[in-house]
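**Q** show me the folded form of this:
(chains A and B)
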Amino acid sequence: MLEVKNLTKVFKDTVAVDNISFRIEPGKIFGLLGPNGAGKTTTIRTVLNIIKPTSGTIIFNNTPISNNFLNSTGYLPEERGLYRKGKVIETIIYFAQLKGIDRAIAHQEAIRWLKKMEIDNYRNNKIEELSKGNQQKVQFITALIHNPMLLILDEPFSGFDPINQQLIKELLLSFVLSGKIIMLSTHQMDFAEKLCTEILLINNGKAVCNGNLTQIKKSYGTNFVKIEFEGDSSYVKLHHSILHADIYSNYAEIQLKENEYPYEFLRDIAGKIKVTHFSIVEPTLNKIFIDSIKRSSNI
Amino acid sequence: MKKALIVARWEYWEKVKTKTFLISLIITPIIIIVFAIMPTLLTSQLDNTTKAVGVIDTSGIYFKALKSNLENFKLSDGQPNFILINMNNKEENITSIIRHADAYSLSGKIEGYLFISNGGTDSIRVEYRSKNSSDFRDINRFEEAFNNARIKIILEHNKVDPSIMKYIANNVQIKLFKINQSGSEEKSGFLFMFFTSFIFILLLMMMILSSGGMLIRSLVEEKSNRLIEILVSSCTPNELLAGKVLGLSSIGLTQVLIWLLIGAVLLGTSIVPADTFRNIIPVMFYFSLGFIFYSSIFVGVGSIVTTEQEAQQITSYLSMVIILPIVIAVPAIENPNSVLVHVFSYIPFTIPAIMILRYNIGPVPLWETLVSMLLMIASIYLSVSIAAKIFRIGILSYGKRPSLKELITWITEK
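**A** As a prediction, this is how the structure comes out:
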């Protein structure tokens, strides 16, 4: 289990991370979310023990983190890049060795992973000769070849086509089954929503929203409807029961006021426009993200 | 420390496999060989054509003797080195003779001309006037020839025995010998010393500059694609730094060993004089220490830059410091016992070059060797620990280069 308590990091005159706490259980994916510059990278760096926190503690399996944990962590940074001139297999072996894996074992593991990622035929190519997607796969392998207990992935899906995204997703789920502690930082809310059980939303270094995703959604209110329609949406926009609406040309996500009933809303609008789809939904993570960030920025 | 070795191994192989390494492996010895041959070229193959030299002798008594003296100098093919042309002309006055001689020199018909003016019995003034500033060896020969002619004339005038005249004309030349620790004597010369010492210093500087530049470029690459974050989440910054310095130094040593091997094969030939490697052990010691010292400086400096341009700028500043010993080398060889040379023997930046130089010039007291080596080791310790502190923070900061004040806080904070 990874436990972060009252983490604060101050750089010269800016507070990058301001008193945040969270815990990640093994076998769960934890989503670290937030807009650009919110303090995600700083949080990740302190957890990785790359930088020292100004105050607060980071406890990994009941022991405060130290350099002894370097071999137990795997990290995929947001900005990718490997030694361009390095050979694929040599590069993977190098990073595996740096994580304390014996050279011979690293070689075997590298080949196993290259096969698993379907890029085994490039093993003797230089990194720069690979396509962007394949380079990302190599980098992915370097982050997890040593079978780390704690895996920190920053935007793992970016740069992959849908087929490879699927591959990565399945890989992540297999890590969940094997009981790894996984920290996922992403701006792709749909992935976070499907994968994470716990989330921490931060803005300007402060925790804005923290906890179990299902519960967060519940506490956020249930009066959300999604409609698809044909016709003039101006009537919908002005309906008295609407608290907030995201309206596109033939699609809308609407939050109703607390004491309004969705079926009454449907009845009212059905006479004015042709409704092709109507559903009562939970708020999307995207919605929660945007609302929470806006609210916290206004305070 | 195991991880430092892994880093070193990687840095070593990745660089050794590159074309740049291979090229510098080949080009550097070529430059050195050119340098080694140069003194032989300069001293042996001077002139290959006969030079026409004019003489305006207002006294009218020196020309004959001067001519016979100068015609003793022969080219390698047996032709005379100089042909003297008497430019005196009774029809003309002295100004117009000079005007003609100047015109001949400028048009290249003659190399130049000697202008001998007789102000009285004892006051003789000789000028050599030419278009180009002339070879100092020619001037020496003119001087010797003229003085011999002058002495010969006065002796003849006083009817001195020709055998005494011959004795006087037979100049004794001073040959340079250097006394060595073991008491044996060796032939030495400025040029020889200059080039043998210079080869090692030049080698050191070139290697520091090329591999230092290589190091900074790779650091910038690692920083810009965030590889550095993966690295420091796998090993400590100190291990990373140690690995890089170690890897780089091994590359340097590999290069030198290969060159030494080439040198050993050519040893004794005209390219590599037999005693070039005489002081090889202390030279290699200073060489390695200097290399490690400068590598650590490059690592420290390289960690604070973010872009290729900044890297180039900062490398050029560093180059200026590194070039300093080459600038000092010439006065140091000319005057090895000067205070300046001794002062530079205790400044870490110049110790390696100056000590290599001093070893080639003459014996260095043991205590000085020990003191300078200890000083060098202490400087390496200091520069590595400062570099480590800058490195630790520098590699994770992007954007604006830190100010000197910030750097000092980085170094002083725990």
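**Q** chain A contacts on chain B?
**A** Residues of chain B lying near chain A by Cβ under 8 Å from any Cβ of the partner chain: B:3, B:6-7, B:10, B:14, B:18, B:221, B:224-227, B:229-236, B:396. C-beta: built from backbone N, CA, C; applies to glycine.
**Q** can you tell me which of the residues you listed are buried?
**A** B:3, B:6-7, B:10, B:14, B:221, B:225-227, B:229-236, B:396 (16 or more other Cβ atoms under 10 Å in any protein chain shown).
**Q** and the residue of chain B that's closest to chain A?
**A** Proximity of chain B to chain A (Cβ to the nearest Cβ) peaks at residue B:225, 2.3 Å away.
**Q** which residues touch that residue?
**A** A:79, A:80, A:81, A:82 (Cβ atoms under 8 Å, 6 or more residues apart in numbering or on different chains).
**Q** for residue B:100, same thing?
**A** Contacts for residue B:100 (Cβ under 8 Å, 6+ apart) come out as B:87, B:89, B:92.
**Q** residue B:29 against residue B:259, yeah?
**A** Yes - using Cβ atoms under 8 Å, residue B:29 is in contact with residue B:259, at 5.7 Å.
**Q** what mean pLDDT does stretch A:153-162 get?
**A** In this model, stretch A:153-162 has an average pLDDT of 89.
**Q** now the buried members of the contacts of residue B:225.
**A** The buried subset of the contacts of residue B:225 (16+ other Cβ under 10 Å) comprises A:80, A:81, A:82.
**Q** now the residue in chain A positioned nearest to chain B. Nearest residue, chain neighbours left out?
**A** Closest residue of chain A to chain B, Cβ to the nearest Cβ: residue A:81 (2.3 Å). In this structure, residue A:81 finds its nearest non-sequential neighbour in residue B:225, 2.3 Å apart by Cβ to Cβ, 6 or more residues apart in numbering or on different chains.
**Q** and residue A:136, by the same measure?
**A** Closest residue to residue A:136 apart from its sequence neighbours, by Cβ to Cβ, 6+ apart: residue A:159 at 5.1 Å.
**Q** quick check: residue A:3 is in a helix.
**A** No - read with DSSP: H, G, I helix; E, B strand; the rest coil, residue A:3 is strand and lies in no helix.
**Q** around chain B, which positions in the stretch 51-200 of chain A sit nearby?
**A** For the stretch 51-200 of chain A, the contact set with chain B under Cβ under 8 Å from any Cβ comprises A:51, A:67, A:70-71, A:73, A:75, A:77-86, A:94-95, A:97-99, A:142-143.
**Q** what about those residues, which are in strands?
**A** Secondary structure from DSSP state E places A:73, A:75 of these in strands.
**Q** in ChimeraX, select just the buried ones from the residues of the stretch 51-200 of chain A next to chain B.
**A** Under the burial definition 16+ other Cβ under 10 Å, those of those that qualify are selected in ChimeraX by:
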select /A:51,70,71,73,75,77,78,80,81,82,83,86,94,95,97,98,99,142,143
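**Q** wait, residue B:223 sits on residue B:395?
**A** Yes - counting by Cβ under 8 Å, residue B:223 does reach residue B:395; the two are 6.2 Å apart.
**Q** in stretch B:377-390, which residues are buried?
**A** B:379, B:380, B:383, B:384, B:386, B:387, B:388, B:389, B:390.
**Q** remind me what the helix or strand residue B:410 falls within packs against, helices and strands.
**A** Using DSSP states H and E, residue B:410 maps to helix B:404-412. Where contact means 3 or more Cβ pairs under 8 Å, 6 or more residues apart in numbering or on different chains; DSSP states H and E, helix B:404-412 is packed against helix B:366-394.
**Q** so which elements touch the helix it packs on?
**A** Packed next to helix B:366-394, using 3+ Cβ pairs under 8 Å, 6+ apart, are helix B:237-266, helix B:280-302, helix B:351-361, helix B:404-412.
**Q** what segments of the stretch 51-200 of chain B are strands?
**A** Using DSSP state E, counting those that start in this stretch, the strands assigned to the stretch 51-200 of chain B run over residues B:51-57, B:82-86, B:112-118, B:124-130, B:177-179, B:185-187.
**Q** now mean pLDDT and mean neighbour count too, for the ones you listed, in a markdown table please.
**A** A markdown table is the format used below for the strands of the stretch 51-200 of chain B (pLDDT from 0 to 100; neighbours: other Cβ atoms under 10 Å in any protein chain shown):
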| stretch | mean pLDDT | mean neighbour count |
| --- | --- | --- |
| strand B:51-57 | 86 | 21 |
| strand B:82-86 | 85 | 19 |
| strand B:112-118 | 84 | 20 |
| strand B:124-130 | 85 | 15 |
| strand B:177-179 | 62 | 12 |
| strand B:185-187 | 48 | 11 |
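**Q** ranking the helices and strands packed on helix B:366-394 by burial, who's on top?
**A** Highest mean neighbour count among those (mean count of other Cβ atoms under 10 Å in any protein chain shown): helix B:351-361, with a mean of 25.
**Q** that one - what's its average pLDDT?
**A** For helix B:351-361, the per-residue pLDDT averages 82.
**Q** okay, that helix in PDB with CA atoms only?
**A** C-alpha atoms of helix B:351-361 as PDB (Å, rounded to 0.1, in the frame of the first residue of the first chain):
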ATOM      1  CA  ILE B 351      48.400  21.500 -13.300                       C
ATOM      2  CA  PRO B 352      48.000  18.700 -15.800                       C
ATOM      3  CA  ALA B 353      49.300  20.600 -18.800                       C
ATOM      4  CA  ILE B 354      52.100  22.500 -17.000                       C
ATOM      5  CA  MET B 355      53.300  19.400 -15.200                       C
ATOM      6  CA  ILE B 356      53.400  17.400 -18.400                       C
ATOM      7  CA  LEU B 357      55.400  20.200 -19.900                       C
ATOM      8  CA  ARG B 358      57.800  20.400 -17.000                       C
ATOM      9  CA  TYR B 359      58.400  16.700 -17.100                       C
ATOM     10  CA  ASN B 360      59.500  17.000 -20.700                       C
ATOM     11  CA  ILE B 361      61.700  20.000 -20.000                       C
END
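**Q** so what touches it?
**A** B:193, B:196-197, B:200-201, B:204-205, B:279, B:282-283, B:286-287, B:289-291, B:293, B:325-326, B:328-329, B:332-333, B:336, B:341, B:344-345, B:364, B:369, B:372, B:375-376, B:379.
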